[in-house]
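Engineer: Dropping a prediction and its sequence here:
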Amino acid sequence: MIKDKSGYILFVLLILLFSSCNRHIVAQKQVNQYTYYCPMHVYVTDQPGKCPKCGMSLERMDLNKLPAGNSDNIHSSHTAPVGGGHSGHSGH
C-alpha cells in the first residue's frame with residue numbers, strides 16, 4: 001500500500017515538473033527579438049512591413065544588439081531649449 005502511494009506521488013510530481021518546463025520553453029519562443037521602425041516617423045512595431053503613415057519600408061532593429069548604457073545617450077546629439085523638458089526641442 002505504501003509503494004502504491006509513493007508511486008502515485010512520484011508520478012504526479014513528474015507530471016508537474018514536465019508541464020512547468022514546457023510552459024517556460026513556449027514562453028521563450030514567443031519573444032520576438034526584433035523591432036521594426038519607420039526611419040521618418042515615430043512608428044514602432046514587432047512586425048515587418050510598411051509604415052502606415054508614409055508607406056516606407058520599416059527597418060529592423062535587433063533588440064539583442066542594443067548598446068549598453070543609460071538612456072541619456074539618446075540626447076547627446078542635440079540640446080534642449082532653455083527651461084528644459086522635451087517639448088519643443090530639436091531631435092524629437
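Structural biologist: Sure thing, it's come through. Numbering: from 1, shown residues only.
Engineer: residues contacting the residue nearest to residue 44 when sequence neighbours are not counted?
Structural biologist: Nearest non-adjacent residue to residue 44, counting by Cβ to Cβ, 6 or more residues apart in numbering: residue 37, 4.8 Å away. C-betas here are computed from N, CA, C, even on glycine. Applying Cβ atoms under 8 Å, 6 or more residues apart in numbering, we find residue 37 in contact with 43-45, 58-59, 61.
Engineer: make it 10 Å
Structural biologist: Neighbour list for residue 37: 43-45, 51, 58-61 [criterion: Cβ atoms under 10 Å, 6 or more residues apart in numbering].
Engineer: same question, residue 50
Structural biologist: Contacts for residue 50 were tallied using Cβ under 10 Å, 6+ apart; they are 36, 38, 56-58.
Engineer: what's the helix or strand for residue 54?
Structural biologist: For residue 54, there is no helix or strand it lies in under DSSP states H and E.
Engineer: backbone phi and psi for the closest residue to it other than its chain neighbours, please?
Structural biologist: Spatially, and ignoring its direct neighbours in sequence, residue 54 is nearest to residue 40 (5.6 Å; Cβ to Cβ, 6+ apart). The phi/psi pair for residue 40 (degrees, to the nearest 10) reads phi -110, psi -20.
Engineer: need the strands for the chain, in chain order.
Structural biologist: For the chain, the strands defined by DSSP state E cover 34-37, 44-45, 59-62.
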